[in-house]
Structure formats: C-alpha cells, structure tokens
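Colleague: Provided below are the primary sequence and the corresponding predicted coordinates.
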Amino acid sequence: MQRYVQVVPVPADPYVSDRLLRSWLDRQLGPDGHAKVADRLAALATDVTGPLRAAHADAEAHPPTLVRYGPWGARIDRIETSAGWQAQRAAAARHAVVALPYLAEARGTWGAAARVVQHALLHLYGPESATFSCPVAMSDGAAALLARPEVDPAVRDAWLPRLTATDPAVAVSSGQWMTESQGGSDLAGSTTTGRPAADGSWRLTGEKWFCSAADAELAVALARPEGAGRGSRVLVPFLIPRYAADSPLAGPGADRYAPAPGITVHRLKDKLGTRALPTAEIGLHDAYAWPLGDPSGPGLSRAMTLVVVTRLHNAAAAAAGMRRGLAYARAYADARQVAGGRLSTSPLHRATLGTLAVDAAGAFVLAGHAFALLGRVEVGSDPAATAELRIVAPLAKLATGRLAVSSASEYVECFGGAGYVEDTGIPRLLRDAQVLPIWEGTTNVLALDVLRAVLREDAATPLLARLDAATDTARRLHPALADALAGTAAELRDSIAEVTPESVAVLAGARGLALRMAYALATALLVEQAAGGDEAAEVAARLWARRWLRGADIAAEAHHELDLLC
C-alpha cells in the first residue's frame, strides 16, 4: 500500500504577491520612489525564500546555549549560537534593515519616507528571521537614542556607525537590559545603580532579569544614579559594552569575546517562544558604562526614544507575521485535497482565510502609518506627526499584538493536526506571536499609556481629526462605511470626554477604549489607502469596519473577496 505524502506548501514571493504592500509603497513613496526601492525589496524577498528560510530553520533547530566554564575551569559565560542565527545577523546588515533610515543616501532619496522603506524591509525580513527581528528592533532603538543631540559625541561616534553599518563584518547589534525581577513595568522599583568614575565613565551594579539579545555587542540599560532619589523618572539610560574587546576595564591579554569585566551571565531563559533568540539573566558588578545624555537630570524621557522605536518594530513584526502566516495557510489550502476537492474551494475555509486577510490588512496599515509618522518626526521635526505618534505608537502596538495571537491560533488550526506537530514549523507561529502583546508593554500597560496621552497631551485630537477626514472620504466610497466610521468617532468623542484621572470606571475600561480607538484608526487608514483607487483596500476597509466597529459577521463576503484580499 502506497503511503500518502502531503505536498509541502510553498508560499509565493512575499514582495511580488503582497498587493497591499506594493500599493502602499506606491502611495507613500510615489511610483518613482517605489521604483527606486523595488530592486532592494526583490533581492531581500529572494533571500527570504531561499537561504534565509533555511537559516531560520537552522536557528530554530539549534537554539543558543550557555557555556559557563572553559576547559581549565575559568568562568567564560560564552553564549553559542547557530550558523543560521549568524546568517540572519549578516543578512540584516547586508540588507540595511536597521541602517536604512540613518543612511544619508536613503534620506536624500526618500526623505522622511525612508522609514516607510524600512518598514517594507521589516515586513519581508521579520517573519522568517528566527526572531532576529528582535535585536534589529533594539539596535534601531539604540541608534535612535544615540542620535539624540544631548548624547556625548564621542560615545555616538564610537557606536552609531557600527550599529548602522551595512558590512556584516563591521555591524553590531544591541540588547536591552531594563527588566528586573520585580517586573518590566515596575520601573520605579529598579535597583540597578550607577556611580561615576574618574574618567567620566560610570560603573553599574545590579541584576537584570530579562535581557534580550544577550549575545549583542552592546546593551542599553536603565540604572539609578547614586543619590538620584526614588521613582522612575530619574532613571538614566546607559550604554554597556558587552564584550572585553570594547571595555577599557579588560586587561591587554583578555579574550576579546569574553564578557566585559563586571558582567555575569547567570542563565539563559527557557521561553515559550522566540527560542532562537538568546535571552538571559545578567548580573552587573561595577560594569563599565556611559550615560546616554545628562545623568544628573531625569533620563526616562530619553529612554522613551528607544521604546517608541521598539514598539513600532513590535507592530511591524505582528503585521508581517500575520501576512506570512496567511501566505502559508493559503498555499496549504491550494495544495490540500479534502472530501469535495481542494480545501481552497471550500466556502467555509475561504471565509476563514478571507477574514484573516482583513485582519492582516488592518494590522499592516497601523504599523505602516506609525513608521511613516516616525519618519516625519525624525526628518523635519514635524510637530503634527509628533503629536499623532504619541498616541499611534501605543495603539498600533497593542492592537496588532493581540491580532497577531488570534490570527496565529487560526493559522495553526488551518493546518489541522499537522499544525500541532513541531517539525512542520507551524506551532512556532503561535509560540512566537504570544510575545508580541507582552514585550515593550502589555495591553493593559499600553492602554493606561493611551489614557495618559489623552489626559496630559491632548493626544486624542489628531486621532479624531483623522477619523473625521476619513469619514468625509468614505462618503465618496461607500455610505455604510462612512456611517460606521462616523458613529464610532462620535462614540469615541463621548468616551474621551469622560476620561478623568480619578475615575475607576475609566481606568477599568481603558483596554476597551484603546482597542476601539485602534480599530477606528485602522478603518480610517484603510479608507485613505482606498481613496487612491486601491480596490482591495476598499474591500478591506468595508469588512474591517463591519467586523471591528459593528461586530458583524463578514464570512460570506470574506469568502467572495478572498482572491482580491489575498
């Protein structure tokens, strides 16, 4: 009896097949601007579907290990990573995934929209990077922090060119050492302290509990300068060289790849997902560091430069993972034979995939819009973009993180039993998605941040203005869509007017309010995209509004429109 073997589904080229990505780039960059980046995106897509997909599998199959002692008993704390992980590291540099928005050539070509181009690179690179997209995010955040004018020029000149290098032999990556054992959001309880040294550098002492990219060449850590007092605002971001090669405290005969003096790697974390990413508990004892900005003043606001960037990367990772999971599920449905024919011809399954495509479209525009705003803030110091980004960054991050988890669960289910078997690679989609609503602020933490932005910075004003403008645009596209958006905007105005810092009801409902704001924003962004003649965006806008603003069942139309949406 011949054994049945399922055909392995191979998704289409992630750049060529992504209508929304290409249409988005046409609108954001103009056809000429898109044409100037097309070869770069095509080259990355070719790498992703070939050697990087293999590197991704290798890194997942061979997670990092910690070697505590050398052959003669010396403590070495060496983190060993796979060839696949190193290939991902090299590709991130070679394709300028971190570097592009900092390159003079890119800013000269696309201006503020260099961040739009970077988002497109992330959209292609991230889903099969074995989560090297995480050190990419933290390296970008560290670069943005180093680029601030108050940072010591000597520190900036020593590290920023290396973070933004496109030569893999020169490029470095950054980790992020902020979380302590009391929890990531309890920054006021941070116990890591810093004291100045005679040469102008500092020495940090403390315990960091969740250090992502623990193998990176540098890290940004929060510490409380001696005598600075209590609370979180006085915390200062410091740059810590990770290895002896970059630490002046290392002796001349030290192994350049040994941990810098004062750094001890206690253990690697055994995590639900992101298993190829080395995450560690790290102890600091008089570790060499430089403050990023004035250590005598409140530093947490400076650290938020990094946090905003990494939150945007989190949203990009969520949206990209949703799109890639959809591509795999669609390819499998096209190949899978079931009773009655191909799975892709089943109205019920088509409705499931179509609904997932709508969610992926909404997540994409939220992440894409946030990157576009960031570019306008960085190039031109656009005050309107600054004001809008204050609320868009947490909204995009919290909404896409939750969408990514629910979508990943559906993708696993789309493969049936095979989706539950580790060697297919499908379970990783769900494991890795679960970190997205957690890292850089849980949904609740971000919802409270949205409330603070509304109360202290009038951050709802630019959001509501965008909803109003999109409602007017939608009148020309589809009256029911306009009505849904107008109704939601009115409800949000009423809810926002009731926001006070003392209201228990407002605090208890902060998550629901933030999600409604994010869903309305995604509707408006899809309407803006549709206004340029993007038929798929118009369909996505209508179905998204019905699904997330009205709570309606969109199955029948999602089935009908699947081929346009996906």
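Modeller: Sure, I can see it.

Colleague: strands of the stretch 1-150 of the chain, residue ranges please.
Modeller: 65-69, 75-80 (DSSP state E, counting those that start in this stretch).

Colleague: among these, which is the most enclosed?
Modeller: strand 75-80 (a mean of 16; mean count of other Cβ atoms under 10 Å). Where you see a C-beta, it was placed from the backbone N, CA and C, and this is true even at glycine.

Colleague: before we move on, the earlier item: and the strands of the stretch 1-150 of the chain as TSV, adding distance to V499 and mean pLDDT?
Modeller: Putting the strands of the stretch 1-150 of the chain into TSV (distance: least, Cβ to Cβ, whole Å; pLDDT from 0 to 100) gives the following:
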stretch	distance to V499	mean pLDDT
strand 65-69	47	97
strand 75-80	45	95
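
Colleague: who touches F364 in this structure?
Modeller: Shown in contact with F364 (Cβ atoms under 8 Å, 6 or more residues apart in numbering): 20-21, 24, 123, 319, 322-323.

Colleague: over to S212?
Modeller: 134-135, 138, 175-176, 277, 279, 439.

Colleague: most neighbours among those, please name it.
Modeller: Q176 (30 neighbours; other Cβ atoms under 10 Å).

Colleague: make sure A250 is indeed in a helix.
Modeller: No. Assessed with DSSP: H, G, I helix; E, B strand; the rest coil, A250 is coil; it does not lie in a helix.

Colleague: does R115 touch G380 like I think?
Modeller: No. Contact criterion Cβ atoms under 8 Å: R115 and G380 do not qualify, at 11.8 Å.

Colleague: between those two, who's got more neighbours?
Modeller: Neighbour totals were compared for R115 and G380, and R115 leads with 29 against 11 (other Cβ under 10 Å).

Colleague: please report how far the more buried one lies from E502.
Modeller: 38 Å (Cβ to Cβ, to the nearest Å).

Colleague: out of the contacts of F364, the closest to V48 would be?
Modeller: For the contacts of F364, the closest approach to V48 (Cβ to Cβ) belongs to H123, at 10.4 Å.

Colleague: do you know the pLDDT at the closest one?
Modeller: pLDDT recorded at H123 is 98.

Colleague: just to check, it is in contact with A316?
Modeller: Yes. H123 is within contact range of A316, at 6.5 Å (criterion: Cβ under 8 Å).

Colleague: which one of the two has more residues nearby?
Modeller: Between H123 and A316, A316 has the larger neighbour count (other Cβ under 10 Å), namely 31 against 28.

Colleague: let me know the helix or strand that the more buried one is in.
Modeller: Using DSSP states H and E, A316 sits within helix 300-335.

Colleague: work out the gap between that helix and the centre of the chain.
Modeller: 5 Å (Cα atoms, centre = their mean, to the nearest Å).

Colleague: and that helix, which residues are buried?
Modeller: Neighbour-count burial for helix 300-335, with 16 or more other Cβ atoms under 10 Å as criterion, is recorded at 300, 302-303, 305-333.

Colleague: and if you look at stretch 520-539?
Modeller: Residues of stretch 520-539 classed as buried by neighbour count (16+ other Cβ under 10 Å): 520-531, 534, 536-539.

Colleague: and if you look at stretch 19-26?
Modeller: 19-26.

Colleague: so what touches stretch 460-476?
Modeller: If you take Cβ under 8 Å, 6+ apart as the criterion, stretch 460-476 is touched by 384, 387-388, 391-392, 395, 453-454, 481-482, 485-486, 488-489, 492-493, 496, 517, 520-521, 523-525, 527-528, 531, 541.

Colleague: and that stretch, what's its mean pLDDT?
Modeller: On average, stretch 460-476 scores 97.

Colleague: next one: that stretch to chain centre, how far?
Modeller: 26 Å.

Colleague: could you do stretch 209-223 as well?
Modeller: Using Cα atoms, centre = their mean, the offset of stretch 209-223 from its chain centre is 17 Å.

Colleague: now do that stretch, average pLDDT.
Modeller: Here the average pLDDT along stretch 209-223 is 96.

Colleague: what strands line up against the helix or strand of the chain with the lowest mean pLDDT, and which way round?
Modeller: Ranking every helix and strand in the chain by mean pLDDT, DSSP states H and E puts strand 337-338 at the bottom, with a mean of 90. Partners of strand 337-338 in the sheet, by DSSP bridges, are strand 341-342 (antiparallel).

Colleague: low-confidence ranges in the stretch 301-450 of the chain?
Modeller: For the stretch 301-450 of the chain, no stretch is flagged by pLDDT under 70.

Colleague: which stretches in it count as helices?
Modeller: In the stretch 301-450 of the chain, the helices defined using DSSP state H, counting those that start in this stretch lie at 347-378, 383-414, 427-433, 443-457.

Colleague: can you add distance to V236 and give these back as JSON lines?
Modeller: As requested, the helices of the stretch 301-450 of the chain are exported to JSON lines (distance: least, Cβ to Cβ, whole Å):
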{"stretch": "helix 347-378", "distance to V236": "23"}
{"stretch": "helix 383-414", "distance to V236": "22"}
{"stretch": "helix 427-433", "distance to V236": "32"}
{"stretch": "helix 443-457", "distance to V236": "21"}
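
Colleague: so which of those helices gets nearest A104?
Modeller: With Cβ to Cβ as the yardstick, what comes closest out of the helices of the stretch 301-450 of the chain is helix 347-378 (13.3 Å).
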